[in-house]
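Q: Here's a sequence, model it:
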Amino acid sequence: ECADAVITEVLRRLGSVMRRRDKLSRYAGNRFAIALLSCTGEQAEIAARRMASAVEASPVVTPRGPMGVRLR
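A: Sure thing, here's the model as predicted:
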């Protein structure tokens, strides 16, 4: 129950900072794939930092209390 709440919120946070043309997919448990279309290496690094900031900015509230989340 808590894991589902965290995964749902991480997907929402990632989606909120992605460009419309980029693709986000959950492919296994707590693993996600992100396709950044038409990005240079530098732009991809900037996007990765933006996504990490969005996900890690505040704890995710779950039925058992707040949980911190980190991307790697």
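
Q: other SSEs contacting the helix or strand where A54 lies?
A: When elements are assigned from DSSP states H and E, A54 belongs to helix 41-56. Packing partners of helix 41-56 (3 or more C-beta pairs under 8 Å, 6 or more residues apart in numbering; DSSP states H and E): helix 2-17. For glycine as for every other residue, the C-beta is placed from the backbone atoms N, C-alpha and C.

Q: Could you check the angle the helix it packs on makes with helix 41-56?
A: Taking axes from the mean of the first three to the mean of the last three C-alpha atoms, to 10 degrees, one finds helix 2-17 and helix 41-56 inclined to each other by 140 degrees.

Q: who are the neighbours of helix 2-17, in terms of helices and strands?
A: Contacts defined by 3+ C-beta pairs under 8 Å, 6+ apart place helix 2-17 against strand 23-28, strand 31-35, helix 41-56, strand 60-62.

Q: coming back round to it: other residues contacting the helix holding A54?
A: Helix 41-56 has contacts (C-beta atoms under 8 Å, 6 or more residues apart in numbering) with 10, 13-14, 16-18, 22, 34, 36, 39, 68-71.

Q: Thanks again, I'm all set now.
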